[in-house]
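Peer 1: just need the structure, nothing else, for what follows:
(2 chains)
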2 protein chains.
Amino acid sequence: MTDIHKGLEDVHIDTSSISRVFGDEGKLNYAGYWISDLAAHSSYEEVTYLLIEGELPDEDQLARFEDTLTQHRALPEQTMTVIKQMKDHNPMDVLRTAVSSLSTAQPGQGFDSGWNKEQAHKIIAAIPTIVATLDRVRNGKTPIEPRDDLSHAANFYYMLHDEEPTETEAEAVDTALILYAEHGMNASTLAAITTASTQANIYSAITSGIGALQGPLHGGATETVVETLDTIGSADQVDAFVEHEVEHHELIPGFGHRVYNTTDPRCKEFERVFRDLAEDPEHNERLDLIEALRDEVVGELGDKGIYPNADLYSGTVYRSLGIEPDLYTCMFTMARVAGWTAHVFEQWDDNRILRPRVQYTGETGKAYVPPSER
Amino acid sequence: MTDIHKGLEDVHIDTSSISRVFGDEGKLNYAGYWISDLAAHSSYEEVTYLLIEGELPDEDQLARFEDTLTQHRALPEQTMTVIKQMKDHNPMDVLRTAVSSLSTAQPGQGFDSGWNKEQAHKIIAAIPTIVATLDRVRNGKTPIEPRDDLSHAANFYYMLHDEEPTETEAEAVDTALILYAEHGMNASTLAAITTASTQANIYSAITSGIGALQGPLHGGATETVVETLDTIGSADQVDAFVEHEVEHHELIPGFGHRVYNTTDPRCKEFERVFRDLAEDPEHNERLDLIEALRDEVVGELGDKGIYPNADLYSGTVYRSLGIEPDLYTCMFTMARVAGWTAHVFEQWDDNRILRPRVQYTGETGKAYVPPSER
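Peer 2: Residues are numbered from 1 along each chain as shown, chains lettered A, B, ... in the order given. Below you'll find the model as predicted:
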């Protein structure tokens, strides 16, 4: 009997020094540092450098890396055209195509690690511009040119709204990007490294990651949480909602995680960000609702290992920042491109092409007859 | 100690009834039928139906399927624009972007198997048009509109050359497409099903497959064989070349395969096609060279399991058909999209998201200090 490892569950495909998830303790570290420290003190630029290079940059390294990203914020013509022509389609389809269109690889160009590193920086820099441009164009607004005096997070907000963010708003975007930048091996990262393992270029690898993140079983979850919160409506409806869902054995969006058996450590960071943002009454109301839902679900299902995950908060944070629900998976992409890039270069450092097997269960040796005799 | 399955070598990730490779016997079957029967008697359209639906179509089913493909040969405006704007870039980057741009998925659109099936047919139909259009545009020629009275293979040749193929030429394209349509689990198919396993759409899945096929360790091999044949020059140089390569322990492009321990069964079919094509003296010369190389390498290395693979012949067949070397991986894509589609739908029929693990070997609990103190 051949062992079938469906979903590759519990199959270790490699070693990695990029991040570690402590599922039982509810902790997460990126290349040695706790996510709580990075979320509180670091920036997305710094975390991206950490993930890709394996250590935090010193002041000079950070300044150079920030410069590189700033220089590549503007989009080439073909990418602007893709966005304009596809503006009314699914935003993840537009983002996948737009990132794919950034490539300037030449005919016959073979594998070149240095070239790929430069291109990775270009992709990371360009994604916020793609997302902001898409949202403006599809809403009939003029795209806003990137500014080079704002951080990665603040510039995104500025390009989206044609308005500089407050410090709190910029911090909220930055923290969300840090929290979603990396999370060990998962379907989108597997897609990215599988593609990279053939020595395809970084555009192919990242495009594969974006493709996989699109699915509702992976990156699409945040949008569902906000829909659920809309359905519940207010904190006093939480009891009835949870009772009904538990009775019908429904999964409650924003709760439960394949890796964590306790509260996802990213929740606490999102909660902090959200409290900072929630100064106006409307946001406060949503916070009450989330907390009531959290307490009720953990009370009912905590003993079954069902605890809040990061998606419970992130969508509401994006909502407070004026980001439309169908862009939430794009926000996830904007963050996770750092983790994909790190895993792709780790794969290339000691590469072996990914080539698993399948167990054939079909027939063999059937006689071919022409269509007219079938 | 955790077992690490690097490259996923010999890990069975699922059952499948799409194809089986008999590595020791040098045989290959698609859904029960021997590749030799299909290459000799079938068409790419019929084989594509077989792979996706699991059985050969009857006359009506085949006619309907051919009609569907014929209807979707023309490219939408945004895809024509992508090709024109990216025409001088790496053809696989253009093809990946162009296929990605075909999507008309709507914002917020969730998973829908029926919709994805229709879109898969659109993608399969459009790829030859993308490749032919790219080649014409980059050479300053006018793109040729697809015709609906020609087969998938013949129409591709017609759009590429603005000239109908002879029966032999159409048969050569068709046979090459059949032979490369499917080959069990491999890196590009893994990338496609990993992406599909999140319930991302078929555009995301196929784009991932294209990305992975780009790499020189996977789809890029055919181009290298033709370069090697160019280097050798003629049959009387083969002995010296092979002696040198064997002495320096070099891999000889077109020989050896991770799965086959004997001659790749697709070689015989390609040889037949090539003999049919090789009526003019130039082609005959190349055939002499290939056969001399084959005999010499098998003589020297056959006892080490080094035998010809399909790539030894395919590039030379494409060359005889007037197809430029940097399009060979695009030809591979044009064929393999059938296999990717079949595996994606098989994945969705009994889906589990692919989420393997990695063994963390980095540090934990490092203290965060600000950049100025590093």
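Peer 1: helices of the stretch 151-300 of chain A, start to end?
Peer 2: Secondary structure of the stretch 151-300 of chain A (DSSP state H, counting those that start in this stretch): helices located at A:152-161, A:167-179, A:187-196, A:202-213, A:221-232, A:238-247, A:265-277, A:281-301.
Peer 1: what's the average pLDDT for the longest one?
Peer 2: If I follow you right, that is helix A:281-301. Helix A:281-301 comes out with an average pLDDT of 87.
Peer 1: again with the first one
Peer 2: Per-residue pLDDT over helix A:152-161 has a mean of 98.
Peer 1: what kind of secondary structure is A:V21 in?
Peer 2: strand (DSSP: H, G, I helix; E, B strand; the rest coil).
Peer 1: wait, what's in contact with it?
Peer 2: A:27-28, A:183-184, A:259-260 (C-beta atoms under 8 Å, 6 or more residues apart in numbering or on different chains). (C-beta placed from N, C-alpha, C; glycine too.)
Peer 1: what distance do you get for it to A:R258?
Peer 2: Counting by C-beta to C-beta, to the nearest Å, the separation of A:V21 from A:R258 is 10 Å.
Peer 1: so which of the contacts of A:V21 belong to strands?
Peer 2: Cross-referencing those against strands under DSSP state E gives A:27-28.
Peer 1: so can I have JSON lines of the contacts of A:V21 showing distance to B:L312 and pLDDT?
Peer 2: As requested, the contacts of A:V21 are arranged in JSON lines below (distance: C-beta to C-beta, whole Å; pLDDT from 0 to 100):
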{"residue": "A:K27", "distance to B:L312": "53", "pLDDT": "96"}
{"residue": "A:L28", "distance to B:L312": "49", "pLDDT": "97"}
{"residue": "A:H183", "distance to B:L312": "43", "pLDDT": "96"}
{"residue": "A:G184", "distance to B:L312": "41", "pLDDT": "95"}
{"residue": "A:V259", "distance to B:L312": "46", "pLDDT": "85"}
{"residue": "A:Y260", "distance to B:L312": "51", "pLDDT": "90"}
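Peer 1: tell me, which of the contacts of A:V21 make contact with chain B?
Peer 2: The residues of the contacts of A:V21 that also fall near chain B, by C-beta under 8 Å from any C-beta of the partner chain, are A:G184.
Peer 1: going by neighbour count, which of the contacts of A:V21 comes out on top?
Peer 2: A:L28 (27 neighbours; other C-beta atoms under 10 Å in any protein chain shown).
Peer 1: regarding the closest residue to it other than its chain neighbours, what are the backbone dihedral angles?
Peer 2: Nearest residue to A:L28, sequence neighbours excluded (C-beta to C-beta, 6 or more residues apart in numbering or on different chains): A:I35, at 4.3 Å. With angles defined as degrees, to the nearest 10, A:I35 shows backbone torsions of phi -60, psi -30.
Peer 1: neighbours around A:I35, how many?
Peer 2: For A:I35, using other C-beta under 10 Å, the count is 24.
Peer 1: ok, now A:E363?
Peer 2: For A:E363, using other C-beta under 10 Å, the count is 14.
Peer 1: ok, now how distant is it from B:S17?
Peer 2: From A:E363 to B:S17 the distance is 8 Å (C-beta to C-beta).
Peer 1: quickly list what's touching both of these two.
Peer 2: B:A31.
Peer 1: check what pLDDT the residue nearest to A:L213 when sequence neighbours are not counted gets.
Peer 2: Spatial nearest neighbour of A:L213, chain neighbours left out: A:G219 (3.7 Å); criterion: C-beta to C-beta, 6+ apart. On pLDDT, A:G219 comes in at 89.
Peer 1: does A:G219 touch A:A191 like I think?
Peer 2: No - taking contacts as C-beta atoms under 8 Å, A:G219 lies outside contact range of A:A191: 11.7 Å.
Peer 1: for chain B, what's the nearest residue on the stretch 51-200 of chain A?
Peer 2: Relative to chain B, the nearest point of the stretch 51-200 of chain A is A:T198 (2.6 Å; C-beta to the nearest C-beta).
Peer 1: now A:R73, what's its secondary structure?
Peer 2: Put simply, A:R73 is coil when judged by three-state DSSP.
Peer 1: can you tell me how far it is from B:Y33?
Peer 2: With C-beta to C-beta as the criterion, A:R73 and B:Y33 are 53 Å apart.
Peer 1: do the same with A:E169
Peer 2: For A:E169, the distance to B:Y33 - C-beta to C-beta - is 61 Å.
Peer 1: before we move on, what about A:E77?
Peer 2: 48 Å.
Peer 1: of those two, which one has the most company?
Peer 2: The neighbour comparison of A:E77 against B:Y33 (other C-beta under 10 Å) goes to B:Y33, with 23 against 9.
Peer 1: quickly list what the more buried one is bridged to.
Peer 2: Judged by DSSP bridges, the bridge partners of B:Y33 are B:Y30.
Peer 1: right, and it touches B:L50 too?
Peer 2: Yes - if you go by C-beta under 8 Å, B:Y33 and B:L50 touch, sitting 7.0 Å apart.
Peer 1: among the helices and strands of chain A, which has the poorest mean pLDDT?
Peer 2: Among the helices and strands of chain A, helix A:281-301 carries the lowest confidence by mean pLDDT, DSSP states H and E, at a mean of 87.
Peer 1: now check the following helix or strand past it, is it near chain B?
Peer 2: Counting by DSSP states H and E, the next helix or strand C-terminal to helix A:281-301 is helix A:311-320. No - Helix A:311-320 is not in contact with chain B by C-beta under 8 Å from any C-beta; minimum separation 13.4 Å.
Peer 1: check which helices and strands helix A:311-320 sits against.
Peer 2: helix A:167-179, helix A:221-232, helix A:265-277, helix A:281-301, helix A:328-349 (3 or more C-beta pairs under 8 Å, 6 or more residues apart in numbering or on different chains; DSSP states H and E).
Peer 1: who touches that helix?
Peer 2: A:172, A:176, A:179-180, A:221-226, A:229, A:253-255, A:267, A:270-271, A:273-274, A:277-278, A:283, A:286-287, A:290, A:293-294, A:325, A:327-328, A:331.
Peer 1: since that was my last question, I'll sign off now.
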